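Peer 1: Structure for the following, please:
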Amino acid sequence: MAQDHCDCPEDPPGRPTTSTGVDYEVSDRVEQLIEQHGEMLEDGMLPVKVYNDEEIFEAELRRIFGQCWVFIGHETEIPEPGDYAQRYIGKDPFIFVRDEEEEIRVLFDSCSHHGSALCRAEQGNTSHFRCPYHGWTFKNTGDLTGVPLKHQAYQGLDAEEWGLVEAPRVENYKGMVFASIAEEGPSLEEYLGDFKWYLDVHLDVGKGGMEVIGEPHRWRADSDWKSGADNFSADSYHTAYAHRSVIEVGFAADEISGTPGQETQMHVTHADSGSTSLRLLEPEDEIYFGYPEEYVDTSNLSEAQADMAAACGAATGTIFPNLSFIHLAATNDPDEDLDGFFSLRKWQPIGPGTMEFWSWVLAPADASDEYKERAYDVAVGTFSPSGNFEQDDLAVWDGIADAAGSVFAEQQGFNMNYQMGMPGMSKASIVDDFDGPGTAWDDNLEEGTCRTFHGNWHKAMSGEDVGMSYPEDHI
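Peer 2: Next comes the predicted model:
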């Protein structure tokens, strides 16, 4: 008697569940470097090596991007059922999609058959995703709906068990969609903590809320993802030097430089998982980030938040790990008035010392098409691949990665100085009666915000929860 070619069980097994919460083991060298990072940060210093190291990068993908909430996109990017876009958590590919019932989903971009990527376009609209390898087909909910030759090849397959895998947790904060690939952890609201107070100023000041204009710009740079997150968290100390030429030719107001001795005030604050820098004008000057009065709505803001928005001409911020923003009044023509725009910026890790910039432009949803076009043009002229400000940053960040990857820095234990604002250094002092949460300084000569970011990096890499401000005795 001939034997059957396959000794298959009568009842095929279902899809195995994945284990969660497994700690990622690293070498003793990396553990020592992480420990050294935390000890040195207490004294306001950082080992440069963490900015370009293969083992550190692999640990970051698992201990940071594998655990934290990561920004996926804004809901206005996918306004219609079937709209989708490719996105990433760390280096992992996902499909950001609005299904036919208008629910926003974040689906792992891998066919449940043999693992091929499904999404072959950066963005589009579809009711189904079909694998180009063997033709398995999935609804935009992730449900498996089509298997070629199913009745001959997969008679016992339970389609309900073999749909696309979703990110375990997806949450939306006022249009900003975040996802976490960790099964458990704090909610997004808990993770953002008091930083929501500042986010609300930016998201609620525009009439009708904020809306994405066009597609996100994307370009690569030989810089580590932490350079962007650190800078926007906020390193306003660099503005007067790295960006001086932009200010001198009139493409931005001198007030945004934040240099001491001006009539403007510089308040730099940090709270919970985020850090932010605010350039505040005198109380009688109302600027609202450069938006015309008819596109401003402060009805959803507290009095303190509305006052801050009215006085703010520029602001940057970072939500750990790799989402930053800039809200800026600027111009492409020194003879024209300033126009406001809001830009979300994601520092996408590609490899040690290498990242991809993602930059979204937003404006008040109820603004005219003409104003949105003007705001977009100003954003392109300032913070984009060809932007005046952007090119200044790119000219210096790659040098950090170069130094971090050098043999000399490793042999000499080369360290960076982040001591500004610590006792005995600058004259910056903490503002006791600041209306917002967190810690505020009276000018930009401090690096507590940057130390907050690196403090969160150290906690995440050490397996601790991220979301608390760095201890005040270390700011």
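Peer 1: For Ala460, grab phi and psi.
Peer 2: phi -60, psi -40 (degrees, to the nearest 10).
Peer 1: Sorry, slip of the keys, the one I care about is His74.
Peer 2: The phi/psi pair for His74 (degrees, to the nearest 10) reads phi -100, psi 140.
Peer 1: I'd assumed Trp358 was in contact with it.
Peer 2: No - His74 lies out of contact with Trp358 (C-beta atoms under 8 Å); the separation is 11.6 Å. Placement of C-beta: from N, CA and C, glycine included.
Peer 1: Next up, phi/psi of His238, please.
Peer 2: His238 has phi and psi values of phi -80, psi -20 when expressed as degrees, to the nearest 10.
Peer 1: Pull the contacting residues for it.
Peer 2: Contacts were defined as C-beta atoms under 8 Å, 6 or more residues apart in numbering; by that measure His238 touches Asn231, Val396.
Peer 1: same deal with Gln305?
Peer 2: Trp197, Asp200, Val201, Asp204, Thr298, Gly436.
Peer 1: pretty sure it belongs to a helix, no?
Peer 2: Yes - judged by DSSP: H, G, I helix; E, B strand; the rest coil, Gln305 forms part of a helix.
Peer 1: Low-confidence regions, the chain specifically.
Peer 2: Across the chain, the ranges flagged by pLDDT under 70 are 1-22, 247, 250-268, 271-272, 281-284, 467-475.
Peer 1: what do you get if the cut-off is 50, keeping everything else the same?
Peer 2: Under the criterion pLDDT under 50, the flagged ranges of the chain are 1-9, 18-22, 262-263, 468-475.
Peer 1: mind giving me the domain ranges of it?
Peer 2: Taking automatic domain parsing as the reference, the chain has its domains at 70-173, 193-474.
Peer 1: most tightly surrounded among the ones you listed?
Peer 2: Highest mean neighbour count of the domains of the chain: domain 193-474, a mean of 20 (counted as mean count of other C-beta atoms under 10 Å).
Peer 1: From what I see, Ser180 and Phe71 are in contact.
Peer 2: No - shown here, Ser180 and Phe71 do not form a contact pair, counting by C-beta under 8 Å, at 10.9 Å.
Peer 1: all strands of the stretch 201-350 of the chain, in order?
Peer 2: 210-221, 265-271, 274-280, 312-319, 323-330, 339-351 (DSSP state E, counting those that start in this stretch).
Peer 1: Looking at the ones you listed, which is nearest to Glu286?
Peer 2: For Glu286, the closest of these is strand 312-319, at 9.9 Å, according to C-beta to C-beta.
Peer 1: Note down every partner strand of that closest one and its orientation.
Peer 2: The pairing partners recorded for strand 312-319 under DSSP bridges are strand 274-280 (antiparallel), strand 323-330 (antiparallel).
Peer 1: How far off centre is it?
Peer 2: Centroid separation for strand 312-319 versus its chain: 13 Å, with C-alpha atoms, centre = their mean, to the nearest Å.
Peer 1: Check what contacts it and list those residues.
Peer 2: For strand 312-319, contacts defined as C-beta under 8 Å, 6+ apart pick out 71, 192, 195, 198-199, 201-202, 229-230, 232-234, 236, 253, 255-256, 273-281, 287-290, 324-329, 338, 453.
Peer 1: Just the angle for it relative to strand 339-351, thanks.
Peer 2: On the basis of axes from the mean of the first three to the mean of the last three C-alpha atoms, to 10 degrees, strand 312-319 is oriented at 20 degrees to strand 339-351.
Peer 1: Alpha carbons of strand 312-319, in PDB - could you do that?
Peer 2: Written as PDB, here are the backbone C-alpha positions of strand 312-319 (Å, rounded to 0.1, in the frame of the first residue of the first chain):
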ATOM      1  CA  CYS A 312       4.200  82.300  21.400                       C
ATOM      2  CA  GLY A 313       5.900  82.900  18.100                       C
ATOM      3  CA  ALA A 314       7.900  79.700  18.000                       C
ATOM      4  CA  ALA A 315       7.900  76.400  19.900                       C
ATOM      5  CA  THR A 316       9.600  73.100  19.600                       C
ATOM      6  CA  GLY A 317       9.100  69.900  21.500                       C
ATOM      7  CA  THR A 318       9.900  66.100  21.700                       C
ATOM      8  CA  ILE A 319       7.700  63.300  22.800                       C
END
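Peer 1: Run the angle between the longest helix along the chain and strand 210-221 for me.
Peer 2: The longest helix of the chain (DSSP state H) is helix 388-404. Here the directions of helix 388-404 and strand 210-221 differ by 40 degrees (the same axes, to 10 degrees).
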